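Q: Give me a model of this one.
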Amino acid sequence: MSSDSKLSCILIVEDSQGRREIILDGSVYSIGRDPKCDIRLSSQFVSRHHATLVQLPRDDESFYYRIVDGNLKGKPSANGMLINGRKLQAHDLSNEDEIVFGPQARAIYYQLKRDTTSAVPLDEFDITLISPNMVEEDTDD
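A: The predicted structure follows:
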């Protein structure tokens with residue numbers, strides 16, 4: 001990859017089966033109760049094809065994800081979804097957005113920017129704290 005930073009998108013899913021982390025790198029994800037869904041949610045309140053995540057390009061060659069209620073054919077879910085507390089049909093996801101699909105079925109979206117060219121930049125004003133027990137004392141008595 002030629003760009004110096006890479007955006008990693010992660011979805012933390014919580015449902016009746018517990019909590020798991022899904023790294024998003026594909027172009028389309030189906031979300032729902034159906035075993036054929038890419039991201040399966042274990043909850044009786046979730047539709048078989050509850051929502052769809054679609055990867056869309058930005059002008060700077062990076063990408064973002066849009067979540068859309070229902071399946072790709074336009075059939076909406078039975079109960080809809082709440083994004084950051086608001087009932088929405090579609091939403092361009094931002095870091096730490098919370099998506100609620102139903103009771104005991106939710107997800108949080110994270111965008112982690114990873115710099116691939118350099119480690120932590122050197123800072124001449126960086127002060128590392130050292131506790132007294134970390135320093136060897138000079139014992140020339």
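Q: Verify the contact between T52 and V68 for me.
A: Yes. With contact defined as CB atoms under 8 Å, T52 and V68 form a contacting pair (4.9 Å). The C-beta positions use only the backbone N, C-alpha and C, and glycine is treated the same way.
Q: Look at the two and report which has more neighbours.
A: Neighbours of T52 and V68, each counted by other CB atoms under 10 Å, are more numerous for T52; the result is 22 against 18.
Q: got a pLDDT number for that one?
A: At T52, the predicted lDDT confidence score is 97.
Q: On the three-state scheme, it is what?
A: With DSSP: H, G, I helix; E, B strand; the rest coil as the basis, T52 sits in strand.
Q: give me every residue that touches it.
A: By CB atoms under 8 Å, 6 or more residues apart in numbering, T52 lies in contact with V28, Y29, S30, I31, I67, V68, G70, N71, L72.
Q: Redo those as CSV? Include distance to L82.
A: Formatted as CSV, these follow (distance: CB to CB, whole Å):
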residue, distance to L82
V28, 22
Y29, 19
S30, 19
I31, 14
I67, 11
V68, 14
G70, 15
N71, 19
L72, 21
